[in-house]
Structures are given as structure tokens and as C-alpha cells.
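1. Need the 3D shape of this:
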Amino acid sequence: MSPGIQMLEVAIGIKDSLMAAGFTSLDSLLRSNPTDIAAILGIELYVAKLIIDAAKSAAVQYEIEKESDTADLPSE
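-> Now for the predicted structure:
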């Protein structure tokens, strides 16, 4: 399961705008470039770059949590 936009540490309004624009996962967001995100959402480029940075951080956090959950499973 791919981590969702709700993992981003950005304002709720930005999350709502991202989801309304079709960005439903971190993967979909990370496959886009800041220029496209800025144009799609009608925001400044620097804000789109902040969103990408937040997505990268959230993706790393998701991987850490996923590894931690796997480590907690009993071995056979």
C-alpha cells in the first residue's frame, strides 16, 4: 500500500488541493516536478518545492515505520 497525501506535514488546505488535483499518494506527487505542481495548483514555485520536500520526508518516514513494523513481527 502506498502512503497517502495525509502523511504530508503541510497545511490541510494544501492536502485538500493536492487530492482534488488527483495527487492521491506520495508516489504520484514525487513523480511530478515542482513546476507542474505549481501550475496545477496555481501556487508559487517555492511552495511547490516545499511540498516536494515534505513528500520526500514523508516517504522516508513511511519506510522507517514500515521497517519497524516488519522488525516487530515474530520470526518462524
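2. quick one: what helix or strand has the nearest residue to residue 21 once chain neighbours are set aside in it?
-> Nearest non-adjacent residue to residue 21, counting by C-beta to C-beta, 6 or more residues apart in numbering: residue 40, 5.1 Å away. (Glycine included, C-beta is placed from N, CA and C.) Per DSSP states H and E: residue 40 is located in helix 34-41.
3. what comes into contact with that helix?
-> Residues outside helix 34-41 that contact it (C-beta atoms under 8 Å, 6 or more residues apart in numbering): 14, 17-18, 21, 23, 29, 43-45, 47-49, 51-52.
4. Retrieve the pLDDT associated with residue 69.
-> With respect to pLDDT, residue 69 scores 74.
5. which stretches of this structure have low pLDDT?
-> 1-2, 70-76 (pLDDT under 70).
6. can you pull out the helices in it?
-> Secondary structure of the chain by DSSP state H: the helices cover 12-20, 26-30, 34-41, 45-71.
7. coming back round to it: wait, which of the contacts of helix 34-41 is closest to residue 6?
-> residue 18 (10.0 Å; C-beta to C-beta).
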